[in-house]
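Student: sharing a sequence plus its predicted fold:
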Amino acid sequence: DAVSQGRAEAKGRSGTALGLARTLYSIAYQFYHDRLGLGGSRRTDSLPRFLQRLLAPVQGSRTDGPVRRKASASTGGILPDPGSLRLEEVIRREGERAITGNPDLAAMIQRGVHEARNRDEHWFTFINQVSNNVLAHLSRDFLGHLAGANLLSIFTTLGAAGALYGLMAPYLIAFGLFRRERRLIEAVRTRFSLPEPDGIPERALGAGAEKDLRVAHFTDTFFEINGVARTLAQQARLAAEKNLFLEIITSAVHRKEADESTEPGRVRVFEPIEAYDLPVYKEMKLAVPPFLEMLKYVYEAGFTHIHSATPGPMGLAALAVSRILKLPISGTYHTAIPQYAARLTKDESLEAYSWRFVIWYYAQMDFVYVPSLETGRELIAKGLPAEKVAPYPRGVDADRFHPRHGGDFYEHRYGLPPDSLVLLYVGRVSREKNLAQLAEAFRAIQTVRPECTLAVVGDGPYREEMAAELKGWPCLFTGYLDGDDLAAAYAAADLFVFPSTTDTFGNVILEAQASGLPVVVTDGGGPRENMRPGQTGWVVPGDNAMALAEAVLQLLRSPEKLRDMAQRAREYAAQRSFEHAFMDQWRLYARPVPTFTGDPVPLDKAHAA
């Protein structure tokens, strides 16, 4: 039996699970057949006829055998509450749309029960479409009530989500059950030299736990232009070069070019069922992913670990997938969401609610990796268990960002005078980056050193306002730059200024130093941990424009000090290899899941290591 099951699993891992799930639906269908009057519907009603074709038992079929017995055992004799018609209402509302909108499903109505083929696959398609429609409807209701602060309506919508859970429950049960048997199946496959299922890449060559890892990295942002997305793209590319199985999983409306096949490394993009513009962050859409499709995909691909780069919709989906499939899950805290919420909305209560959500979410992780000691201490102080928190290594591509890429970039591209001193900022142009303080500081600097020009590389909602505030001053807004242009923008500048106090890491700090630029950063957030105060740059008090201006002016008064810092900055960043940092991070996935004995991870010691 084990060999037979192993061979069947090797041919298609999801087949048995889909069969079990459809059998669970069949049990419920037969239980409700008379109660809901499904047999007395008009001949023109497509839904009852469709249900009859796919859920009615076929005498002598395998659904009367072991799979059906396993289905009965897995439910523990518990069926949906016969007094509740919510599930029937959901199916009737969305079921007709799913059938009439899909020619393959509509064709099933014309076939007899005995002539129906691929019933498991067709039923999954049907439930997936219905659940997507219901989820889209619930998300619209939820966000609409949230925007209007209708708290009672919000709870009503959340309660209605129980119907969605009931709709998908058989698949959640089936995938969970068969995932627990995966170890036995893998052992059988290995023992009898059975192949991997069709379409599933072979495991990476080599021995050891690190090579056997299959990591699914869930993220809400990949095609946007920001530090997180750029880091993930670098990781995907490097993993492919190292023959390590890392796959980026995301849901996106807009893609830069074609599809994921054009991206470096393994990237799987799911079409969202709904997408919403964020009022305070219009460059990014909030995408609601198709959950059942992702669950099936992760199950079939045989991932061993789940990693979440976000507490957004993709992160919530990652958490649910990990719980259903009993996979270890870790997360990274990239973005200071509560602080961003406070600065962008000026609403202290929203910041408090954001912290509660963030701590709740990351408390579900086995490990939470933070980009700086400051970020780790803040999460622990807010209530995240200390034993789950550990820093992870970060690096920079010191070849891409290099002083040799400098030259007359600003003169040639933007017509600046040859004797200009360029103060550079790279990043999102938004208020949460403290750019109002940078504008104030630059005006003070320029009155003393009129040869200075401020170059702002990036875009965002504050760009027009900042340009208006600096109208008449020598300030250059380049918009987004990438590739050789970005490298040249760094290397051709004279000093890097980063006023943000909300960044958890700040990739741009390492990129600037690798390009031979001294940096001026604030004492808030993680950037100050990625430079050497007094050697590669200076640290100034946050939210203090005059302190920022004075630090820049002091460096400009001492050209020798500026050159010495530039050399030290390059030497420091060159030691922070992105490849080395990535391999250190990859090894973290192979560590045992903590048993939570209460002993905290030694944060400072781990960071030093």
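Tutor: It's in.

Student: for the stretch 201-350 of the chain, which spans come out with low pLDDT?
Tutor: The stretch 201-350 of the chain contains residues with pLDDT under 70 at 201-211, 254-264, 278-284, 340-348.

Student: repeat that with 50
Tutor: Within the stretch 201-350 of the chain, the set of residues satisfying pLDDT under 50 comprises 201-208, 256-262.

Student: and the helices in it?
Tutor: Applying DSSP state H, counting those that start in this stretch to the stretch 201-350 of the chain gives helices spanning 209-212, 227-241, 291-301, 313-325, 337-345, 348-363.

Student: kindly reformat those as JSON lines containing mean neighbour count and distance to Asn507.
Tutor: Quick note: C-beta positions are derived from backbone N, CA and C, even for glycine. Shown next, in JSON lines, are those (neighbours: other C-beta atoms under 10 Å; distance: least, C-beta to C-beta, whole Å):
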{"stretch": "helix 209-212", "mean neighbour count": "14", "distance to Asn507": "25"}
{"stretch": "helix 227-241", "mean neighbour count": "19", "distance to Asn507": "4"}
{"stretch": "helix 291-301", "mean neighbour count": "21", "distance to Asn507": "28"}
{"stretch": "helix 313-325", "mean neighbour count": "22", "distance to Asn507": "20"}
{"stretch": "helix 337-345", "mean neighbour count": "19", "distance to Asn507": "17"}
{"stretch": "helix 348-363", "mean neighbour count": "16", "distance to Asn507": "21"}
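
Student: can you redo the ones you listed as JSON lines with distance to Arg180?
Tutor: As requested, these are exported to JSON lines (distance: least, C-beta to C-beta, whole Å):
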{"stretch": "helix 209-212", "distance to Arg180": "19"}
{"stretch": "helix 227-241", "distance to Arg180": "28"}
{"stretch": "helix 291-301", "distance to Arg180": "12"}
{"stretch": "helix 313-325", "distance to Arg180": "9"}
{"stretch": "helix 337-345", "distance to Arg180": "34"}
{"stretch": "helix 348-363", "distance to Arg180": "24"}
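
Student: among those helices, which is nearest Gly537?
Tutor: Gly537 lies closest to helix 227-241 among the helices of the stretch 201-350 of the chain, at 18.4 Å (C-beta to C-beta).

Student: what are the contacting residues of that closest one?
Tutor: Residues from elsewhere that reach helix 227-241 (C-beta atoms under 8 Å, 6 or more residues apart in numbering): 217, 219, 221-223, 245-248, 263-267, 309, 334-335, 394, 397, 427, 505-508, 578-579, 582, 586.

Student: pull the distance from that helix to the chain's centre.
Tutor: Its chain's C-alpha centre and that of helix 227-241 lie 13 Å apart, by C-alpha atoms, centre = their mean, to the nearest Å.

Student: over to stretch 566-581?
Tutor: Put simply, stretch 566-581 sits 27 Å off its chain's centre (C-alpha atoms, centre = their mean).

Student: got it, and stretch 464-478?
Tutor: Distance of stretch 464-478 from its chain centroid, counting by C-alpha atoms, centre = their mean, is 34 Å.

Student: how close does Glu351 get to Met365?
Tutor: Distance, Glu351 to Met365, using C-beta to C-beta, to the nearest Å: 22 Å.

Student: ok, His137 - how many residues close by?
Tutor: Residues near His137, counting by other C-beta atoms under 10 Å, number 18.

Student: should've said Arg404
Tutor: Counted by other C-beta under 10 Å, the residues lying close to Arg404 total 10.

Student: for the closest residue to Arg431 other than its chain neighbours, what are phi and psi?
Tutor: Among residues not flanking Arg431 along the chain, Tyr462 sits closest, at 5.2 Å (C-beta to C-beta, 6 or more residues apart in numbering). The phi/psi pair for Tyr462 (degrees, to the nearest 10) reads phi -90, psi 0.

Student: count of neighbours near Tyr462?
Tutor: The burial count assigned to Tyr462 is 19, neighbours taken as other C-beta under 10 Å.

Student: surely it meets Ser430?
Tutor: Yes: using C-beta atoms under 8 Å, Tyr462 makes contact with Ser430 at a distance of 4.9 Å.

Student: and the closest residue to Gly302 other than its chain neighbours, what does it touch?
Tutor: Excluding the flanking residues, the one nearest Gly302 by C-beta to C-beta, 6+ apart is Arg214, at 6.0 Å. Neighbouring residues of Arg214 by C-beta under 8 Å, 6+ apart: Arg203, Phe245, Glu247, Ala301, Gly302, Phe303, Thr304, His305.

Student: can you give me the strands for the stretch 301-450 of the chain?
Tutor: With strands called from DSSP state E, counting those that start in this stretch, the stretch 301-450 of the chain shows them at 305-308, 329-332, 367-370, 389-391, 421-426.

Student: and of the ones you listed, who's closest to Ala252?
Tutor: Nearest to Ala252, of all the strands of the stretch 301-450 of the chain, is strand 305-308, at 16.3 Å by C-beta to C-beta.

Student: can you give me how far that closest one is from the chain middle?
Tutor: From the chain centre to the centre of strand 305-308 is a distance of 10 Å (C-alpha atoms, centre = their mean).

Student: list the helices and strands that strand packs on?
Tutor: strand 214-219, helix 313-325, strand 329-332 (3 or more C-beta pairs under 8 Å, 6 or more residues apart in numbering; DSSP states H and E).

Student: would you turn those into a markdown table with distance to Pro272?
Tutor: Shown next, in a markdown table, are those (distance: least, C-beta to C-beta, whole Å):
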| stretch | distance to Pro272 |
| --- | --- |
| strand 214-219 | 13 |
| helix 313-325 | 8 |
| strand 329-332 | 21 |
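
Student: looking at those, which is nearest to Thr16?
Tutor: Among the helices and strands packed on strand 305-308, the nearest to Thr16 by C-beta to C-beta is helix 313-325 (14.8 Å).

Student: which other helices and strands does the strand or helix carrying Ala17 contact?
Tutor: Assigned by DSSP states H and E, Ala17 falls within helix 13-32. Helix 13-32 sits against helix 2-11, helix 46-55, helix 66-75, helix 119-147, helix 151-180, helix 291-301, with contacts defined as 3+ C-beta pairs under 8 Å, 6+ apart.

Student: what's the angle between that helix and helix 119-147?
Tutor: 80 degrees (axes from the mean of the first three to the mean of the last three C-alpha atoms, to 10 degrees).

Student: roughly how far is helix 13-32 from the heart of the chain?
Tutor: So, by C-alpha atoms, centre = their mean, the centroid of helix 13-32 is 31 Å from its chain's centroid.

Student: likewise for stretch 526-546?
Tutor: For stretch 526-546, the distance to the chain centre is 29 Å (C-alpha atoms, centre = their mean).

Student: you'd agree Leu54 is up against Phe124?
Tutor: No: in this structure Leu54 lies outside contact range of Phe124 using C-beta under 8 Å: 10.3 Å.

Student: neighbour-wise, which of those two wins?
Tutor: The neighbour count for Leu54 versus Phe124, taken as other C-beta under 10 Å, is higher for Leu54 (23 against 20).
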